[in-house]
Structure formats: structure tokens, C-alpha cells
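Asker: I'll drop the sequence and a predicted model, then ask my questions.
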Amino acid sequence: MGKTYRILTVPKNFRNIIFLAVVLVLSNCKDAEKQESPTIETALVAAEEAIIWHIKTIHPDGRLIDVKAIDKDGNRYDVKAIQDTKQTSFLDIKAMVGDKQLPVKLLVSGDKYTRVKALADDGSVYDIKALTPEGDTLDVKGVSRTKNIIHIKAISKTGEFYGIKAISPEGRLNDVKGIKINDEQTEELINGHAIYAHVKALPQAGAASNNGRWHIKAIHPEGYVLDIKAFDTDGTIYDVKAIQDSYQRSLMDIKAIVGENGYLPIKMIVSTDEYKPIKAISDNGTLLDVKAIAKDGTKLDVKGVLRDGNIIHIKAINAEGKFYGVQAISPDGELNDVKGIKLHKEDLETETNGQKVFAHVKAIPQAY
């Protein structure tokens, strides 16, 4: 499987029926695995042998170019994607400096392109560069933004952009992208540096038709779907949609729709419950329930049921405690998974309108 590092982790419209049936089978297989682990903490208790994905630049002639972190003295260090659980949908990118794994981030800057750096605990930074066999050192930077995604490229001496990929020991590829969670210029401060975006490895996803709103549905084992809606305290029902406001489908926001153009963020809330509640949050901090609606009108909880590294698996839960997968479905019949996204190991991810958020709820490409 290639070189591995021992790492202690805190783990663990519908165009045709055949297409939906395939999704259903895959969803049920995943559900069967999750039923063995009934609490969200289960995946966090065991140390695992991490799988190391290589970070490479793809040259137009098909060659792979190394990507390295470089300190002020010119010393070079590997840059890797770390897979420390089974999920491959949202992998951390780290610079491997001695026995430390340094986070790789895009920094706030007034430059034309956004700088990509590894950050040490003492506040020092390591340049991230692509190193050609001919001895050229190429900048690696964020070159454009498509809503939540920052496109990261190596830049040749003539200004050409080369893609950056994470490559598993088995040859699977993920895209290396910058991730924006909020609309502010600064996501957070780390060791004195203003972070513009987080650098992660995501499943490859081609550009989709700009469909505006994808439907959020729970998939029943018998082959039909359940609507997922938000409910306020008066019982008013609001649609829940994935918002595609650009041609990228790698990381789409999930929102409750209020009126024609009003959106409420949907988040996973910090809680001591067995499963993490998922709520829409109003501007004044009021929480709206998010539920799946069964054929008989029964409301089923929709919750985060299992943590798998940076991913929280979200399921609708029936009266017997069985899990139904939750998907975003485009008007064209394309599917994304609906997942909770964690950027930090701590329970508290951020606060939104006074509510403590455990994870962000997003629609991301399916990973197999």
C-alpha cells in the first residue's frame, strides 16, 4: 500500500429508477456498517494506521511533479494528504516536518493570487512549491474562486496553470482545493496568521449545470424518497435545498428557504445527545427542526450519527432506529452526499447567531 505513518488519531427528475436503485444499494451498504456503531463518538476511539496520499502537480505532458514545503533555510519536506479513517471525502493536507504535521492553508493577502503556506506552532511559515526535475521551483497558489472552492494550481514560468492532485497508494485521485466555509475574508486566525481558506483533498467532481437548487431527500430502503423540510415552532414548513450558485458542485451549502430569496444556514449543533441534532438557524438564533417526512406524515429525525475523521455521516432515523441515507439530487439527476464537515477536532466548530455549531452541513461528491 506504499509508505504509511503510524498516527494517533481521534477517529472514528429522477431520471431513471436504475440510477436511484444503485444509490439505494450503496446507501444501504453504508447504513449496515453504521448500525454496528450506534453513537457519534464510536469512530473516534481507536488509533489507526494512516494511509498517506501523495501530493503532486500534473504536468500537461503527463508527468508528476513533486510538491514540497520549504523552510527559510531551503530545507524541503514532504506534503501529504492524511487518510486516518475510512472516509476519503475530506482529507487534511499536511507538511511532514520531523515528527510534526503542519497544517497547510491559504493566507489572506492582497496579491493577485493567494499564497499557500504550511504553518508552524511558533508562527513561522513554510513555502509550498512544486519542484520540477529540471530544477525549476514553481509557485503553488490559489488562482480563482468558485463560491466555496478556491482552485489551487502550480504556476509555470510562462504563467500556465498545472492542477494539484492527491494520489493514493492504489492510484485513486482527489482534487486539492481551498475550502471557504464563510463569506468573510478571514476564516480564522492560526498562530498569528489570517486564514483565507483551508486546504483539503476532495473527490474529483466535474462542473455541473448551474441548477440553482438541489433537492434534499432521504432514501428509503424500498426505493422511494422522503422529503426533508425545516419546521419552525408554529409548524410552518420550509424547503431545504442545496444551493448551487456557480458551476462547482464540490462543496455546496445546505439552506432552509424562507420566502423567495431568504436563506437560513443549516448546521449540526453541539449537544450531549447520542446523535447530533441538525437545525436551521434564524437571524435571531432561533432553531428550526430539520425532519424527513414519511409517507404517513410522520416526522423522522435527521441527525449526525457517526464521525469518520473530518466527516459526520447524516441519516434520517425511523421509529425502529434504522438509518436512511440523505442525498442532494439535482434537477438533472446528479447526486451528492449530504454530510457534516469538521475542520477542527474540538466539539465547538464555530458559533452562528449565538448557537454553538458542531459541524457544517454540506453537499459533497460521492466517494467510493
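Answerer: Arrived safely, thanks for sending. Residues are numbered from 1 along each chain as shown.

Asker: so K339: helix, strand or coil?
Answerer: What DSSP: H, G, I helix; E, B strand; the rest coil gives for K339 is strand.

Asker: quick check: bridge partners of it?
Answerer: Counting by DSSP bridges, K339 is bridged to H313, K362.

Asker: relative to V97, how far out is it?
Answerer: K339 sits 30 Å away from V97, going by CB to CB, to the nearest Å. Every residue, glycine included, has its C-beta placed from N, CA and C.

Asker: ok, those two, which is more surrounded?
Answerer: K339 (26 against 16; other CB atoms under 10 Å).

Asker: that one against I314, yeah?
Answerer: Yes - with contact defined as CB atoms under 8 Å, K339 counts as touching I314 (6.0 Å).

Asker: what is in contact with those two at once?
Answerer: Residues touching both K339 and I314 by CB atoms under 8 Å, 6 or more residues apart in numbering: V361.

Asker: show me the shaky parts of the stretch 1-150 of the chain.
Answerer: Under the criterion pLDDT under 70, the flagged ranges of the stretch 1-150 of the chain are 1-48.

Asker: show me where it has its strands.
Answerer: Secondary structure of the stretch 1-150 of the chain (DSSP state E, counting those that start in this stretch): strands at 4-7, 48-58, 64-70, 76-83, 91-97, 100-107, 114-119, 125-131, 137-146, 149-155.

Asker: tabulate the ones you listed in TSV, adding columns for distance to K217.
Answerer: Conversion of the strands of the stretch 1-150 of the chain to TSV gives the following (distance: least, CB to CB, whole Å):
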stretch	distance to K217
strand 4-7	36
strand 48-58	32
strand 64-70	39
strand 76-83	29
strand 91-97	27
strand 100-107	34
strand 114-119	36
strand 125-131	40
strand 137-146	25
strand 149-155	24
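
Asker: now whatever helix or strand V199 lives in: mean pLDDT?
Answerer: Element membership of V199 [criterion: DSSP states H and E] is strand 193-203. Strand 193-203 shows a mean pLDDT of 97.

Asker: that one vs strand 137-146, what angle?
Answerer: For strand 193-203 against strand 137-146, the angle by axes from the mean of the first three to the mean of the last three CA atoms, to 10 degrees is 80 degrees.

Asker: partner strands of strand 193-203, parallel or antiparallel?
Answerer: Partners of strand 193-203 in its sheet, by DSSP bridges: strand 91-97 (antiparallel), strand 100-107 (antiparallel), strand 173-179 (antiparallel), strand 188-190 (antiparallel).

Asker: now that strand - C-alpha only, PDB.
Answerer: Extracted in PDB, the C-alpha atoms of strand 193-203 (Å, rounded to 0.1, in the frame of the first residue of the first chain):
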ATOM      1  CA  HIS A 193      -1.800  34.200  10.600                       C
ATOM      2  CA  ALA A 194      -5.200  35.200   9.000                       C
ATOM      3  CA  ILE A 195      -6.500  32.200   7.100                       C
ATOM      4  CA  TYR A 196      -8.300  32.800   3.900                       C
ATOM      5  CA  ALA A 197      -9.200  29.100   3.200                       C
ATOM      6  CA  HIS A 198      -8.500  25.600   4.400                       C
ATOM      7  CA  VAL A 199      -6.600  23.300   2.000                       C
ATOM      8  CA  LYS A 200      -8.200  19.800   1.700                       C
ATOM      9  CA  ALA A 201      -8.300  16.800  -0.700                       C
ATOM     10  CA  LEU A 202     -11.800  16.200  -2.100                       C
ATOM     11  CA  PRO A 203     -13.200  13.700  -4.600                       C
END
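
Asker: go through that strand and flag the buried ones.
Answerer: The neighbour-count check on strand 193-203 (16 or more other CB atoms under 10 Å) flags 193, 195-203 as buried.

Asker: ok, so of the residues you listed, who is nearest I58?
Answerer: A201 (13.9 Å; CB to CB).

Asker: surely the closest one and K80 touch.
Answerer: No - counting by CB under 8 Å, A201 stays clear of K80, with 9.6 Å between them.

Asker: find the residues that touch each one of those two.
Answerer: What both A201 and K80 touch, as defined by CB under 8 Å, 6+ apart, is the set 53, 55, 93.

Asker: quick one: the last one from T132, how far?
Answerer: What it means is I93. 20 Å.

Asker: okay, the two: which has more neighbours?
Answerer: Ranked by neighbour count (other CB under 10 Å), I93 and T132 place I93 first, with 28 against 18.

Asker: give the contact list for the residue of the chain most remote from its centre.
Answerer: Each residue of the chain has a distance to the centre, and by CA atoms, centre = their mean the biggest one is for E134: 35.3 Å. By CB under 8 Å, 6+ apart, no residues touch E134.

Asker: from one end of stretch 183-196 to the other, what's the distance?
Answerer: Criterion CA to CA, to the nearest Å; first-to-last residue distance in stretch 183-196 is 10 Å.

Asker: please, where are all the helices along this structure?
Answerer: For the chain, the helices defined by DSSP state H occupy 17-35.
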